[in-house]
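Participant: Pasting a predicted model and its sequence here:
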Amino acid sequence: MTESRRTVVTAFVVLFSTVVCVSLLLFFFGRPKSDHGENHTSSAYVVTVSTNPLDIKEGRAIMDNNKCFSCHSINGVGGTVAPSLNGVKYRKSPEMIFRWIKSPDSIKPGTAMPQYPFANDQIRKIISYLETVDSVSAR
Ligand code: HEC
């Protein structure tokens, strides 16, 4: 084997091993967090639901001020392009509701639900309000 040929072979072996290592790393650590539809893994932020009436009132006010009801409804009042939020507490854990407000795209890529730049505490108050909203019996 000539010197230059040896260099080419060495370069190839180095390149090949690098590709294999990177692929393995990506396979084990780089798996995307969400795939199709909903992802039910818990988020890092643990939501402490408040039962303080002031927090609950503020949560509702944040929703009124941010046009949530142009899409969502509660007790039949509001928009119809998004699911009613009556009884959302029975369908979603506080952590999932948190993620729906904080980063809807991480749950459902391409969703019409906008991402809001709320502080975690504001979202916590919204959730505290939503925890008081029961299912409405339409019939
Ligand atoms: C432009 C319309 C729009 C606005 C405004 C909007 N949402 Fe949504 N939201 C959606 C849609 C659409 C979904 C359902 C997404 C899906 O399933 O694809 C959704 C889903 C949700 C969910 C999960 C509901 C469930 O039953 O799974 C919550 C909670 C939620 N939104 C809260 C809010 C809050 C709080 C606000 C205001 C801060 C808000 N949304 C504003 C469109 C909107």
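Facilitator: Received the coordinates, thanks. It should be emphasised that the depicted structure is a prediction, and the values quoted were computed from it without experimental measurement.
Participant: Regarding the residue nearest the centre of the chain, what is its secondary structure?
Facilitator: Ranked by distance to the mean C-alpha position of the chain (Cα atoms, centre = their mean), the top residue is residue 99 at 3.4 Å. What DSSP: H, G, I helix; E, B strand; the rest coil gives for residue 99 is helix.
Participant: pretty sure it is touching residue 106, no?
Facilitator: Yes. Contact criterion Cβ atoms under 8 Å: residue 99 and residue 106 qualify, at 6.3 Å. Every residue, glycine included, has its C-beta placed from N, CA and C.
Participant: Could you chop this protein up by domain?
Facilitator: 1-31, 53-130 (automatic domain parsing).
Participant: Run the contact check for the longest one versus the ligand.
Facilitator: This means domain 53-130. Yes. Part of domain 53-130 sits near the ligand under the criterion Cβ under 6 Å from any ligand atom, namely 63, 66-68, 70-72, 81-83, 88, 91-92, 97, 100-101, 108, 111-114, 116, 126.
Participant: And that domain, end to end?
Facilitator: One end of domain 53-130 to the other measures 12 Å (Cα to Cα, to the nearest Å).
Participant: Low-confidence stretches in the chain?
Facilitator: Residues of the chain meeting the criterion pLDDT under 70: 1, 18, 20-44, 137-139.
Participant: Strands along that one, start to end?
Facilitator: 73-74, 77-78 (DSSP state E).
Participant: okay, those strands, which one's buried deepest?
Facilitator: strand 73-74 (a mean of 20; mean count of other Cβ atoms under 10 Å).
Participant: If you count contacts, what does that strand end up packed against?
Facilitator: Applying 3 or more Cβ pairs under 8 Å, 6 or more residues apart in numbering; DSSP states H and E, one finds that strand 73-74 contacts no other helix or strand.
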